[in-house]
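> Just to be clear, the model below is a prediction. Sequence and coordinates:
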Amino acid sequence: MKNEFLKHINLPADLRQLKPEELPQLAQELRSFIINIVATKEGHLGASLGVVELTIALHYVFNTPEDQLIWDVGHQAYGHKILTGRKDIFDSNRQLKGISGFPKRSESHYDAFGVGHSSTSISAALGMAIASQLKGENKHHIAVIGDASIASGMAFEGLNHAGVTNANLLVILNDNAIGIDPSVGALKQYLTNVKKGTEKQDNIFEALNFNYSGPIDGHDLPLLLSELKRLKTVKGPKFLHIITTKGKGLKQAELDQVKYHAPGKFDAKTGELPLKSKEKIPPKFQDVFGETIVELALKNDTIIGITPAMPTGSSLKYMMETIPNRAFDVGIAEQHAVTLAAGMATQGLIPFCNIYSTFLQRAYDQVIHDVALQNLPVIFCLDRAGLVGEDGATHHGVFDIAYLNCVPNLVIFVPSNAIALRNIMYTAQLGIDFPLAIRYPRGRGQLLDWKMPFETIDIGKGLCIKQGTDIAILSIGTLLKNVADAIDLLDQKEAVGYYDMQFVKPLDEVLLHDIFSTYKAIITIEDGTVVGGFASVILAFANANNYKQSITTLGIEDKFIEHGTVNQLQHLQHLDSFSIKKSIEDLLFVLKDG
Ligand SMILES: Cc1ncc(C[n+]2csc(CCOP(=O)(O)OP(=O)(O)O)c2C)c(N)n1
Ligand SMILES: CC(=O)[C@@H](O)[C@H](O)COP(=O)(O)O
Ligand SMILES: [Mg+2]
């Protein structure tokens, strides 16, 4: 197919020059464009393919960016980016210094609101709509939200408020019956019933005072155009329900929607994924969690697994397959997941509540008020802690130590390898009388043989990996590998001791007194924010105990970190082994000089 129309379109103004009957051809071209680039550059595929027609129709009918269009989560906004001035740089999507994988206000006027975490679009669009009214402006405000995201508490809060306003708000529900994994819950059942049209039931959105229309076929461009034009003339809050297919236009993506949510590299022509190498490689940390919880839960029937909408990403799916009555996908509902776990813990169950570090931010009050304040033994497994790479600023799990460390009762453990993750899970289910947060990173560790017999971990104990004479390096988590590599590169290896502190809270004060009494200088290393993080804990310890050594703090600086590979970002944050080596050498030089 010739790239007839897309090549002439840089902005929606160009799009609006096309005739309506030319738009289906443009949709095909846009799909191919997305497929060709995501096949090599990677990213979120299925969601963007599913909203190609909707994207074209919205920019055709509405006067964006004057009219404000907000994509919920934003992983489906690739077509929007391509049609709004970023076609020529779309191949830099999610790459270091390239465009973001999510809408971002600083990137384009067409990105009305920064997104990445789900279910914010209705509140943000309503805020803009009320602001327009107050300013006497005559704009349209559109929130596009998926069937999984609309089931989240925050989206309900927005609907609930919008229904008692006369704001010029259009909520479009893009219903493809799947999130990353299949959608869950009673609302999903309701939407299925609406689509079947078999069961008589009240319309939930009409009950909330929305002018409801649909469900309509979201791939039918003429229908979309006429419905959007009609809705432009309707006053007050409106709700359009469209049905789409995630992955539309790429057979494999339609057939395996979970895999093709973000498939990595694939063959743009055939849609096929590369064959898996047979070589044995270390497991992903998520799989260490997923396999270990099954192993433990088969022996301990009080263990429960909980995930808010990430069964595949967290690998809780293994437990959901093996022990379905004790493993729960609660949908995009982090707040509920935490308090559900708290409720279970009051009844003597042992809930492992697995939440990506970045998404636990949404359930902060529940962690404090429902879990920690009542000292309930909930085990938080915080996946994707630290730098996550290409998802960028919205998704890095770098704030958790800072936001958890100040919470009384909570114990914070950071495994440096798969065995430590496995052993702390084993230890926790033996019975603890405090809440525990275990944070571990995206991706794979180093160990091939990780399924060792379980051993208990002493709560609050750090480990000496190597003793030295001058400088002590205190690290937490998997950055230990970078520290070990850095020391290997040094000429003066004997000068450096290093310690895997394991626990941010409680601190191993006995070990710390020993370290501070032995070494002339200290370096702390973490993949979280230095401000409020492990560094600040060590600085506070030194201050409280009147230790005067210099303390160098390596970690995430006090700014939002953009997207790039984890290695690139670690380098920029001086956390790669060469940068760590340089920090040690600089310090050794100063010590020698002084
Ligand atoms: C608060 C929060 N929790 C979890 C996620 C992870 N996440 C990203 S997309 C997604 C599924 C969204 O499904 P849906 O809203 O139906 O959109 P679709 O992908 O089907 O277009 C999830 C769970 C997130 N981005 N934000
Ligand atoms: C858009 C979104 O929030 C998710 O799709 C996220 O990108 C998943 O991250 P992982 O790839 O680390 O599971
Ligand atoms: Mg969906």
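Nice, I can see it. Ligands and ions are numbered 1, 2, ... in the order given.
> quick one, phi psi at residue 440?
Per-residue torsions, residue 440: phi -140, psi 160 (degrees, to the nearest 10).
> Phi first, then psi, for the nearest residue to it once chain neighbours are set aside.
Take residue 440 and drop its neighbours on the chain: the residue closest to it by C-beta to C-beta, 6 or more residues apart in numbering is residue 285, 4.5 Å away. Any C-beta I mention is one placed from the backbone N, CA and C, and that applies to glycine too. Dihedral angles of residue 285 (phi, psi; degrees, to the nearest 10) stand at phi -60, psi -40.
> what separates the nearest residue to residue 179 once chain neighbours are set aside from ligand 3, distance-wise?
Once flanking residues are discounted, residue 179 sits nearest to residue 148: 2.9 Å by C-beta to C-beta, 6+ apart. With the distance defined as C-beta to the ion, to the nearest Å, residue 148 ends up 5 Å from ligand 3.
> from what I can see residue 148 touches residue 332, true?
Yes - with contact defined as C-beta atoms under 8 Å, residue 148 counts as touching residue 332 (5.6 Å).
> Next, show the common contact partners of these two.
Common contact partners of residue 148 and residue 332 (C-beta atoms under 8 Å, 6 or more residues apart in numbering): 118, 179, 309.
> tell me the pLDDT at the first one?
Right, the one you point to is residue 118. At residue 118, the model reports a pLDDT of 98.
> which secondary structure elements does the top helix by length along the chain contact?
Secondary structure of the chain per DSSP state H: the longest helix is helix 23-41. Using 3 or more C-beta pairs under 8 Å, 6 or more residues apart in numbering; DSSP states H and E, the elements in contact with helix 23-41 are helix 46-50, helix 52-61, helix 78-81, helix 221-232.
> what comes into contact with it?
Helix 23-41 is contacted by residues 1, 3-6, 9, 15, 18, 44-45, 48-49, 52-53, 55-57, 60, 78-79, 82-83, 87, 90-91, 93-95, 221, 225, 248-250, 265-268, 271 when judged by C-beta under 8 Å, 6+ apart.
> Of these, keep whichever come out buried.
Among those, those classed as buried by 16 or more other C-beta atoms under 10 Å are 5-6, 9, 15, 18, 44-45, 48-49, 52-53, 55-57, 60, 78-79, 82-83, 87, 90, 93-95, 221, 225, 248-250, 266, 271.
> Let me see the domain layout of this structure.
The chain breaks down by automatic domain parsing into domains covering 19-261, 285-439, 465-593.
> wait, does the shortest one make contact with ligand 2?
No - with C-beta under 6 Å from any ligand atom as the criterion, ligand 2 is not reached by domain 465-593; the gap is at least 10.9 Å.
> repeat for the second one
Yes - against ligand 2, domain 285-439 shows contacts by C-beta under 6 Å from any ligand atom at 313, 384, 388, 391.
> Of those, which is the most crowded?
Using other C-beta atoms under 10 Å as the neighbour test, those are led by residue 384, with 27 neighbours.
> quick one, phi/psi of that one?
Phi and psi for residue 384, reported as degrees, to the nearest 10, are phi 60, psi 30.
> rewinding a little: go through the helices and strands packed on helix 23-41 and name the closest to ligand 1.
helix 46-50 (3.7 Å; C-beta to the nearest ligand atom).
> elements contacting the closest one?
Secondary elements touching helix 46-50 (3+ C-beta pairs under 8 Å, 6+ apart): helix 23-41.
> The helix it packs on: which residues count as buried?
23, 26-35, 37-39, 41.
> and those near ligand 3, which?
With the criterion set as C-beta under 5 Å from the ion, no member of these is near ligand 3.
> For ligand 2, what's the nearest residue on the stretch 201-350 of the chain?
Of all residues in the stretch 201-350 of the chain, the one sitting closest to ligand 2 is residue 313 (3.6 Å; C-beta to the nearest ligand atom).
> give the contact list for residue 115.
Counting by C-beta under 8 Å, 6+ apart, residue 115 makes contact with 70, 71, 72, 73, 74, 102, 103, 121, 394.
> Would you tell me which one of these comes nearest to residue 110?
Of all the contacts of residue 115, residue 110 sits closest to residue 103, with 8.1 Å by C-beta to C-beta.
> and that closest one, how many residues sit next to it?
Neighbours of residue 103 (other C-beta under 10 Å): 26.
> ok, now residue 339?
Residue 339 has 20 nearby residues by other C-beta under 10 Å.
> wait, isn't it in contact with residue 370?
Yes - Residue 339 is in contact with residue 370 according to C-beta under 8 Å; the separation is 4.6 Å.
> shouldn't residue 132 be in contact with residue 125?
No - look at residue 132 against residue 125 with C-beta under 8 Å: they stay out of range, at 10.4 Å.
> Those two: who's more crowded?
Comparing residue 132 with residue 125 by other C-beta under 10 Å, the one with more neighbours is residue 125, at 29 against 19.
> Double-check that that one belongs to a helix.
Yes - Residue 125 sits within a helix when classified using DSSP: H, G, I helix; E, B strand; the rest coil.
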